[in-house]
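Next come a sequence and a model predicted from it.
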Amino acid sequence: MTTSSPAPPSTKKMAALPAESEFVAFDHIAAGHEGISSNASGSLIIKPCTQAEIDFYESAKDHPLVQAHMPTFIGALSLHDDQDAVAPLLNAATGTAAFNGTTIPSPTLGKRISWKPSGGKKLSTGLAVVMENVAAGFKDPNILDVKLGARLWADDAPASKRRRLEEVASRTTSGSLGFRIAGMKIRHHHDEHEQEQEHAPSDVKNDPAHVHLKNGYKSYTKLYGQSFNNDNVLDAFTTYLGGVHQDPATGKRSFRRKRAGMIVKRFIRELESLQYVLENEESRMYSASVLMVYEADEEALERGLQEEENEQTTLDHELDEEEDEGLGDDEEDDDDDVVPQKVHEVRLIDFAHASWTPGEGSDENLLTGVRNIVRILRELVS
């Protein structure tokens, strides 16, 4: 594989592009295409894509507020006929110099590829985008992928694709709410309340086409998400968050997970920020998703919260010292390679059919879904 132009310089320490020999199968996929890989550490994912998606990631540097809500873009890879010839280039890409403003030369990646239906199978464009793995930093990530928009097809989609996606939207919450549960992965724990926690018809819960267990995780497929309607889609979010308990005396419902309410409030805050940004941008993102992740292991989650508190205390102390003594020289941070324990993440993903559209206003198709997710999450904590 060869490298394309890397992402622009950033104040955040960037990872290096991995060599193909480092690739391993990536298992934390809630929805989307097959064929996604990661580097050995799991900090990066390598996703087959089209040139259009690479272009969008590269152009996002000119839209920093949107970019802040996207996974960090590391670079792009392309298949090459002569792997030996590009080995020095791959070796060069493993150094941080590739991301400090130095341009890595590369052959042309090829012409823009038009949209062809993939049916969720592995894309075979010969291109891949390398980006931050949003699920890295969690011990047991619970992952929810929510497909945004009532219209899911871009202008270049063939008529057959348009008809199929319009039919899916008409019979699911995509058409009515502007979003649909595309997939979930939830850490599986055996307990007596398990059946109460799963809100879906019994034929859906017990159908392996909708829900299946693998490697200690329950995976909920797109068919599971398509089984919900306006009246019960809140239950899908309840399942994702670990279920609720209803007091038989008062009828009041409360989350089973100790920190679920806090997680919901954090999701709301992130989504409101995303909403504000999208309302002030001119773009179109067809079939994009919001990816939500939270720590399912309670001990790890508490450790993450403590690390956040310690980091804030340290930051406050450093700011006080700077005010007292003035800014000093930058010092090497010995903890740069330490991955902190995460509590939650929310990112906008999937940009195969995304573009900037100056003069056309905000993307109300996408925003309708974001606003309705926020509304439903608020219901959960009201």
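All right, it came through fine.

residues near residue 270, how many?
Other residues near residue 270 come to 18 when the count uses other CB atoms under 10 Å. Where C-beta positions appear, they are placed from N, C-alpha and C, glycine not excepted.

And for the closest residue to it other than its chain neighbours, the neighbour number?
Among residues not flanking residue 270 along the chain, residue 346 sits closest, at 3.7 Å (CB to CB, 6 or more residues apart in numbering). For residue 346, the tally of surrounding residues (other CB under 10 Å) stands at 20.

what pairs with residue 346 across the strands?
Beta-bridge partners for residue 346, by DSSP bridges, are residue 292.

got the contact list for it?
Residue 346 is in contact with 69, 266-267, 270-271, 274, 290-293, counting by CB atoms under 8 Å, 6 or more residues apart in numbering.

try it again with 6 Å
267, 270, 292 (CB atoms under 6 Å, 6 or more residues apart in numbering).

What residues of stretch 55-71 count as buried?
Of the residues in stretch 55-71, 55-58, 60, 63, 66-67, 69-71 count as buried by neighbour count, 16 or more other CB atoms under 10 Å.

and which of these is nearest to residue 308?
The closest of those to residue 308 turns out to be residue 69 (CB to CB; 19.6 Å).

if I look at that closest one, how far off is residue 361?
Applying CB to CB, to the nearest Å, the value for residue 69 to residue 361 is 19 Å.

How about residue 128?
Relative to residue 361, residue 128 is positioned 33 Å away (CB to CB).

And these two? Which one has more around it.
Legend: neighbour count by other CB under 10 Å for residue 128 and residue 361, higher for residue 128 (25 against 12).

how about low-confidence regions in the chain?
The chain contains residues with pLDDT under 70 at 1-34, 79-125, 190-206, 208, 320, 322-338.

the helices in it, which residues?
Under the criterion DSSP state H, the chain contains helices at 51-59, 64-67, 83-93, 159-170, 173-177, 194-197, 202-205, 222-226, 233-240, 260-279, 298-325, 364-381.

would you turn the ones you listed into a markdown table with distance to residue 141?
What follows is these, written out as a markdown table (distance: least, CB to CB, whole Å):
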| stretch | distance to residue 141 |
| --- | --- |
| helix 51-59 | 23 |
| helix 64-67 | 23 |
| helix 83-93 | 28 |
| helix 159-170 | 27 |
| helix 173-177 | 24 |
| helix 194-197 | 18 |
| helix 202-205 | 22 |
| helix 222-226 | 18 |
| helix 233-240 | 12 |
| helix 260-279 | 12 |
| helix 298-325 | 10 |
| helix 364-381 | 19 |
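
Show me the one of the ones you listed that comes nearest residue 186.
Evaluated over the helices of the chain, closeness to residue 186 peaks at helix 233-240, with 6.5 Å, by CB to CB.
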